[in-house]
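*Asks:* Would you be able to build a 3D model of this:
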Amino acid sequence: MMNVCLKCGSYHVDKIIAPSGPYAICPECGYKHPFLQLPLFVISGASGTGKTAILHQLLGRVSEFVLLESDILWRPEFNTPENRYREFFETWLRMCKNISQSGRPVMIFGAGLGVPENIEPCIERRYFGKLHYLALVCEEDELRKRLLKRPEWRNCNDEGFIKAQIDFNRWFKENRNGEDPRIELLDTTHAAVEETAKDIITWSKSLYTSNK
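*Replies:* From the prediction side, this is the model:
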């Protein structure tokens, strides 16, 4: 319960962050709550680029990070495109913040989480150090094939859905050299799941080690 002041009991998401501790300072009584301001690793990409398959490949192989999939918390009430699904992302950042207090950073897999404009303005963002964004991408023909091969119950063969995912995939490719924070890309078109998983381990461990 990082948002509850241990001294006065007030609930505040918007605590003042003092990097010297780091401390989360209660705006009511000034209590300085020491906490771990760890980085957050975001693995994103359009549907069909391999996020879920790679997550399952990594489970049990990486002990430095807590691995999570954002879909596990999705509920209809989070479906608010008019405000960029703000409450969904705030909820996930709050979860990751509290989990990381155990001493291990979170690596979270999810599509919309990989768009910095969805995450960086969130109030809960202040409790993290660097956010590292990695987007899985692939060639458009391959992406279409993967989506069409999915079971019918997943409703991924609708042409409107396929077009939206291709457009999202293209967005990542066109924004890789954008302003900070940078989105790193990893092409999964011809790579085996095991190979991509190894690349993600190398990428994340290198960044985490350099941030310590």
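*Asks:* just the helices in the protein please.
*Replies:* Ranges of helices within the chain are 51-58, 86-100, 116-119, 140-148, 159-174, 193-211, based on DSSP state H.
*Asks:* Dig out what Leu185 forms beta bridges with.
*Replies:* Ala135 (DSSP bridges).
*Asks:* neighbours around it, how many?
*Replies:* The tally of other residues near Leu185 (other Cβ atoms under 10 Å) stands at 16. In this view, the C-beta of every residue, glycine as well, is placed from N, C-alpha and C.
*Asks:* shouldn't it be in contact with Ala135?
*Replies:* Yes: with contact defined as Cβ atoms under 8 Å, Leu185 counts as touching Ala135 (5.5 Å).
*Asks:* what residues are shared contacts of the two?
*Replies:* In terms of Cβ atoms under 8 Å, 6 or more residues apart in numbering, Leu185 and Ala135 are both contacted by the residues 172, 176.
*Asks:* about what we covered before: tabulate the helices of the chain in TSV, adding columns for mean pLDDT and mean neighbour count.
*Replies:* Formatted as TSV, these follow (pLDDT from 0 to 100; neighbours: other Cβ atoms under 10 Å):
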stretch	mean pLDDT	mean neighbour count
helix 51-58	96	18
helix 86-100	97	19
helix 116-119	96	17
helix 140-148	96	16
helix 159-174	95	15
helix 193-211	92	15
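*Asks:* Alright, calling it a day.
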